[in-house]
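**Student:** Model the following, please.
(one chain, ligands or ions: 1)
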Amino acid sequence: MTEHFDVYGGARLTGEVAVVGAKNSVLKLMAAALLAEGTTTITNCPTILDVPLMADVLRSVGCEVAIDGDLVTITTPAELSHHADTSAMGKLRASVCVLGPLVGRLKRAVVALPGGDAIGSRPLDMHQNGLRKLGATSEIAHGCVVAEADGLHGAQIWLDFPSVGATENILMAAVLAKGTTVIDNAAREPEIIDLCRMLQQMGAHIEGAGTSTLTVHGVDELRPTTHRVIGDRIVGATWAFAAATTRGDITVRGVDPHHLDLVLEKLRLAGAEITTFNDSEDQGFRIVQHDRPIAVDFVTLPYPGFATDLQPFAVALSAISDGTSMITENVYEARFRFIDEMVRLGADARTDGHHAVVRGVEKLSSAPVWASDIRAGAGLVLAGLCAEGITEVWDVFHIDRGYPYFVENLNRLGGHIERVSSVTERG
Ligand code: UD1
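**Tutor:** Now for the predicted structure:
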């Protein structure tokens, strides 16, 4: 049995939508629970497929994990296995984030190489080099990362690139190392700050969260905690692009608008009216797009730059904007595969290396298209909403990995999308 979405073109999305916890945060917070014996509780978790997959990864090393709606409870035993090799490992990238905590806590780990979105080469060299600096050996053997140390010690670590995953793994090993670790050129994503906050609540000593220099003073042990996941800025931004692309009017709640400063600024340049709200009761923004969007350029970069995860939405918006946009992809080279699918929908787009030129057309036209990853899939749905006719989006299991109740939310906002099950795949 396979599923696709029928997306009916011509909708103008209007109304309110609530964003829950960030996928790219919750999975790392779940891994952090390995660092302390006892029961850790994580709230505001999204109901997406990756959460039960990560739960399986944690169970494979000995944890008990319960998922109840948006609540995930992880009980970590005194004795953990150092060997994380279950089929779930190959289904998500974040599974590699158990490497740092296992090395930190057990001083050894065998962790199956992760899977995740096919968005380009995703090596682990910076993760491994960081662990080596902390005193561990690290090699790839039989499809696993194997790391071992007599003891971990603090170190000065410079990352070649502010990798999110490498920063997280090194951080989670360093919190239990002896002495002080400095990670320079560290990633500054809000999800890193969220992880630092949770580790601090667990008793870790970390300075510089949200800056390029993280200083970690190792401690002997950590304690379990209760932590609320930050709102998903990528999902929040998806709704912002949904409003801009369909000339809609959407109020998005549950996400810190500061995490979207650059995104919202770009959408203002495209002609959107945006108001933000941010207090203890309510966080979010309202975006209204009255006229056809004006073409703007986008360049993907690590945070606070424009997120690579949002690049498909930038392409979809540019495809129907007035004028020509240049989109530059600096993080994942294979993400431009999405453009071939947009061309099927009538987009006037071409790529040259890591640049794409998109000349806006008045209307797209429906076609069958294939999602290659979570964000590309959601981008195709947005494009389908402004294509004439019914666009079939296939391989929607990708979308289900990142967007809780995507179809339901789109329909509540006035879209018309149907999830269709069929026995045969369209190929
Ligand atoms: C995370 C996000 C993903 C997002 C990406 C960039 C999760 C589960 N996924 O992925 O949605 O698109 O950040 O914002 O949080 N690199 C190396 N060597 C390494 C590590 C990374 O060369 O050891 C390169 C990668 O190939 C890529 C770049 O660094 O070109 C960024 O990767 P990284 O920030 O590590 O992304 P992930 O943590 O895998």
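**Student:** Get me the contact residues on the stretch 51-200 of the chain for the ligand.
**Tutor:** Contact residues, the stretch 51-200 of the chain versus the ligand (Cβ under 6 Å from any ligand atom): 93-94, 121-127, 161, 163-166. Any C-beta I mention is one placed from the backbone N, CA and C, and that applies to glycine too.
**Student:** could those go into a markdown table alongside secondary structure?
**Tutor:** A markdown table is the format used below for those (DSSP: H, G, I helix; E, B strand; the rest coil):
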| residue | secondary structure |
| --- | --- |
| R93 | helix |
| A94 | helix |
| S121 | coil |
| R122 | coil |
| P123 | coil |
| L124 | coil |
| D125 | helix |
| M126 | helix |
| H127 | helix |
| F161 | coil |
| S163 | coil |
| V164 | helix |
| G165 | helix |
| A166 | helix |
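**Student:** So which of these sits lowest on pLDDT?
**Tutor:** pLDDT across these is lowest for S121, at 68.
**Student:** residue contacts, L317?
**Tutor:** Shown in contact with L317 (Cβ atoms under 8 Å, 6 or more residues apart in numbering): F241, A244, T245, A270, P293.
**Student:** out of the residues you listed, who's nearest the ligand?
**Tutor:** Closest to the ligand out of the contacts of L317 is F241 (16.0 Å), distances taken as Cβ to the nearest ligand atom.
**Student:** Go ahead and measure how far the helix or strand that closest one falls within is from the middle of the chain.
**Tutor:** According to DSSP states H and E, F241 maps onto helix 233-245. Relative to its parent chain, helix 233-245 has a centroid offset of 14 Å by Cα atoms, centre = their mean, to the nearest Å.
**Student:** tell me what it is packed against?
**Tutor:** helix 23-32, strand 249-253, helix 261-269, strand 283-288, helix 311-319, helix 374-385 (3 or more Cβ pairs under 8 Å, 6 or more residues apart in numbering; DSSP states H and E).
**Student:** Output the ones you listed in a markdown table; the columns should cover distance to L131 and mean pLDDT.
**Tutor:** Shown next, in a markdown table, are the helices and strands packed on helix 233-245 (distance: least, Cβ to Cβ, whole Å; pLDDT from 0 to 100):
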| stretch | distance to L131 | mean pLDDT |
| --- | --- | --- |
| helix 23-32 | 15 | 97 |
| strand 249-253 | 38 | 98 |
| helix 261-269 | 32 | 98 |
| strand 283-288 | 36 | 98 |
| helix 311-319 | 30 | 98 |
| helix 374-385 | 28 | 97 |
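**Student:** Looking at those, spot the one closest to the ligand.
**Tutor:** Per Cβ to the nearest ligand atom, nearest to the ligand of the helices and strands packed on helix 233-245: helix 23-32, 3.5 Å.
**Student:** Around the closest residue to D184 other than its chain neighbours, how many other residues sit close by?
**Tutor:** Leaving aside its sequence neighbours, D184 sits nearest to W158 (Cβ to Cβ, 6 or more residues apart in numbering; 4.7 Å). The number of residues packed near W158 is 13, by other Cβ atoms under 10 Å.
**Student:** what's the closest non-adjacent residue to F277?
**Tutor:** Going by Cβ to Cβ, 6+ apart, F277 has G284 as its nearest residue, at 6.0 Å.
**Student:** contacting residues for the one you found?
**Tutor:** By Cβ under 8 Å, 6+ apart, the contact list for G284 reads V19, G236, T251, V252, R253, G254, V255, P257, T276, F277, N278.
**Student:** Out of those, flag the one nearest to the ligand.
**Tutor:** Here the nearest of the contacts of G284 to the ligand, counting by Cβ to the nearest ligand atom, is G236; it sits at 14.5 Å.
**Student:** wait, that closest one sits on H258?
**Tutor:** No - applying Cβ atoms under 8 Å, one finds G236 not in contact with H258, separated by 11.3 Å.
**Student:** Please say which of the two ends up with more neighbours.
**Tutor:** G236 (25 against 13).
**Student:** Now that one: closest residue in space, sequence neighbours ignored.
**Tutor:** V255 (3.5 Å).
**Student:** Quick one: classify the one you found as helix, strand or coil.
**Tutor:** Relying on three-state DSSP, one would call V255 coil.
**Student:** cool, and I327?
**Tutor:** Following three-state DSSP, we place I327 in the strand state.
**Student:** what's around E139, how many residues?
**Tutor:** 11.
**Student:** where does the residue of the chain most remote from its centre land on pLDDT?
**Tutor:** For the chain, the residue at maximal distance from the C-alpha centroid (Cα atoms, centre = their mean) is D150, at 33.9 Å. For D150, the model assigns a pLDDT of 95.
**Student:** give me phi/psi at it?
**Tutor:** phi -70, psi -40 (degrees, to the nearest 10).
**Student:** pretty sure G203 is touching G218, no?
**Tutor:** No - counting by Cβ under 8 Å, G203 stays clear of G218, with 11.2 Å between them.
**Student:** And these two? Which one has more around it.
**Tutor:** In this view G203 and G218 are compared by other Cβ under 10 Å, and G218 has more residues nearby, 20 against 16.
**Student:** Quick check: closest non-adjacent residue to the more buried one.
**Tutor:** G218 sits nearest to A177 (Cβ to Cβ, 6+ apart), 4.2 Å away.
**Student:** do the same with T246
**Tutor:** T246's closest residue in space is L13 (Cβ to Cβ, 6+ apart), at 4.7 Å.
**Student:** From R412, how far off is the one you found?
**Tutor:** Note on L13: its distance to R412, by Cβ to Cβ, to the nearest Å, is 9 Å.
**Student:** More neighbours: which of those two?
**Tutor:** Neighbour tally, L13 and R412, criterion other Cβ under 10 Å: the higher count belongs to L13, 24 against 13.
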